[in-house]
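1. sequence and predicted structure are below.
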Amino acid sequence: MGGWKRLFIALCLVVVFIVGGNSLEVSACSCVMPPPPEEALHDAEAVFSGEVIKIVDNKNLLNGYGFTVYFAVDESWKGVEQSEVSVTTGYHDGDCGFPFEVGQSYLVYASLGDMNNKSTLSTSICQRTTNLSNATEDMNELGKGQKIEGSNAKKDEHNDGLLNGSATKIILAGMLILAAALYVVWRIKKNARS
């Protein structure tokens, strides 16, 4: 067998090992039906509604896992008094993580503690956490919560930051395209002179 074939097989094995090794970290999610809203409120450490303003992937942190989701809080029924709060959740690839999206509003039932930090609020698809538009039963049963002051200012502040971040990415992409175009023109002119 030629040397290049051995190298090819070795590279294939490395790729299989890396891809297969990552799948070992994933565990299957198994939940029981969450309790009714009143019981879920009693069992939860915190229950609030709010808009997702930022999602951070924790894999870059030491022993980090899942996402930290930041909310601008509108209303609180339990455990939250500040206008911004963070909650952790899994990657939602079989680990019961909830698939939050920036700009969407949710009713969140959170418990205390996650895999890495026992003092952190966390939630999953096993709890009654849901998009606010799907929370009619819960909202009717929970009644009015405590309005949290300053939440609109937080949303505006983060939205400006997101807009500026997007604008910065667009400007940088434009500069890279311009630099590439200038390089191509320079190469064409240099080859024409040769």
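-> That came in fine, so what should we check first?

2. which residues are contacting the one helix or strand Tyr109 maps to?
-> With secondary structure defined by DSSP states H and E, Tyr109 is part of strand 105-112. Strand 105-112 has contacts (C-beta atoms under 8 Å, 6 or more residues apart in numbering) with 34, 40-41, 43-52, 71, 74, 79, 87, 100, 118-123, 127-133, 135, 138-139. Yep, even glycine has a C-beta here, placed from its N, CA and C like the rest.

3. cool, stretch 132-142 as well?
-> 36-38, 40-41, 47, 49, 77, 104-107, 128, 130.

4. let's go with 10 Å and repeat that
-> For stretch 132-142, the surrounding residues in contact (C-beta atoms under 10 Å, 6 or more residues apart in numbering) are 36-38, 40-41, 47, 49-51, 74-75, 77-78, 104-109, 128-130, 145.

5. let me see the mean pLDDT of that stretch.
-> Across stretch 132-142, the average pLDDT comes to 93.

6. got it, and stretch 54-71?
-> On average, stretch 54-71 scores 83.

7. any idea how far apart the tips of it sit?
-> Using C-alpha to C-alpha, to the nearest Å, the end-to-end distance of stretch 54-71 comes out at 7 Å.

8. low-confidence ranges in the chain?
-> 1-28, 61-63, 93, 114-118, 151-174, 194 (pLDDT under 70).

9. which stretches of it form strands?
-> Assigned by DSSP state E, the strands in the chain fall at 46-57, 67-78, 84-89, 105-112, 121-122, 130-131, 146-147.

10. out of those, nearest to Arg187?
-> Closest approach to Arg187 among those is made by strand 46-57 (38.4 Å; C-beta to C-beta).

11. pull out the buried residues from that closest one.
-> 46-53 (16 or more other C-beta atoms under 10 Å).
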